[in-house]
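Chemist: for reference, the sequence and a predicted model appear below.
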Amino acid sequence: MPDDAKQLPRATYRSMDQGTKEEYDLVFGYLKDFQKKLPDRLLESLKTLKVSYYGEPVDRYVHSLQTATRAHRDGRDEENVVAALLHDLGDMLASDNHSDYAAAILKAYVRPNTYWMIRQHGLFQGYFYFHHFGLDRNMRDKYRGHPAFQLCVDFCDKYDQMAFDPDYDTMPIEAFEPMVRRIFAREPWGAHAKLDGGYGEKY
Ligand SMILES: [Fe+2]
Ligand SMILES: [Fe+2]
């Protein structure tokens, strides 16, 4: 909140049941302005992945950029590229279910299949390493038949699991910034959300 915001009118209620329609109009007006800056917050959050856990050949920020770069160069549409860029954002605050975190951020702004792909990517990515820990690398098979099954297989196979190369020509964040702004300028739960047969309850 900028300092001068303290001069702006604010609601007077002490509990929500005291709030008037006018007060809620006021607050939701501020909220709308705040929501418009979501792309700024996402781009800022992405940078925090530079100081995520240590040990991989590239840090999680570069991994994110490289995943998006590979998706972009393979001809994926803007929505998929942005999803690829943000797919590991949950590493910082939801490391035990990081796929859910990124999927929740994207959900109102992308097609249902793109949402599903990001939500399931952690499990699908397990194909490449679960067996080293005595787990079933084919756990993803339980989702065979889902319309986004192959989309998620391809995301992991071609982009996510491939994005650990320090020598790869990874595109800079500036290349993706306009894409992030365009995707998050969409009407939340707009026409895109009605595609792919909707979100469904089954999965
Ligand atoms: Fe991930
Ligand atoms: Fe990843």
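Modeler: In hand now; what should we look at? Ligands and ions are numbered 1, 2, ... in the order given.
Chemist: settle this for me: residue 66 is touching residue 58, isn't it.
Modeler: Yes - look at residue 66 against residue 58 with CB atoms under 8 Å: they come within range, at 6.9 Å. (C-beta placed from N, C-alpha, C; glycine too.)
Chemist: shared neighbours, these two?
Modeler: Any residue near both residue 66 and residue 58 by CB atoms under 8 Å, 6 or more residues apart in numbering counts here, and that gives 163, 164, 165.
Chemist: my guess is the last one contacts residue 57. True?
Modeler: Going back to what we said before, that points to residue 165. Yes - assessed by CB under 8 Å, residue 165 is found in contact with residue 57 at 7.1 Å.
Chemist: out of the two, which sits in the busier spot?
Modeler: Each of residue 165 and residue 57 has its neighbours counted (other CB atoms under 10 Å); residue 165 has more, 14 against 10.
Chemist: assign the more buried one to helix, strand or coil.
Modeler: coil (DSSP: H, G, I helix; E, B strand; the rest coil).
Chemist: and the helix or strand encompassing residue 103, what other elements does it pack with?
Modeler: Secondary structure from DSSP states H and E places residue 103 in helix 98-106. For helix 98-106, the elements it packs on are helix 78-86, helix 112-125, judged by 3 or more CB pairs under 8 Å, 6 or more residues apart in numbering; DSSP states H and E.
Chemist: just name the most buried of the ones you listed.
Modeler: Ranked by mean neighbour count under mean count of other CB atoms under 10 Å, the helices and strands packed on helix 98-106 are led by helix 78-86, which reaches a mean of 25.
Chemist: now it - C-alpha only, PDB.
Modeler: In PDB, the C-alpha atoms belonging to helix 78-86 read as follows (Å, rounded to 0.1, in the frame of the first residue of the first chain):
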ATOM      1  CA  GLU A  78       1.000 -18.200 -24.900                       C
ATOM      2  CA  GLU A  79      -1.200 -19.700 -22.200                       C
ATOM      3  CA  ASN A  80       0.900 -22.900 -22.100                       C
ATOM      4  CA  VAL A  81       4.200 -20.900 -22.100                       C
ATOM      5  CA  VAL A  82       3.000 -18.800 -19.200                       C
ATOM      6  CA  ALA A  83       1.900 -21.900 -17.300                       C
ATOM      7  CA  ALA A  84       5.300 -23.400 -17.900                       C
ATOM      8  CA  LEU A  85       7.000 -20.200 -16.600                       C
ATOM      9  CA  LEU A  86       5.000 -20.300 -13.300                       C
END
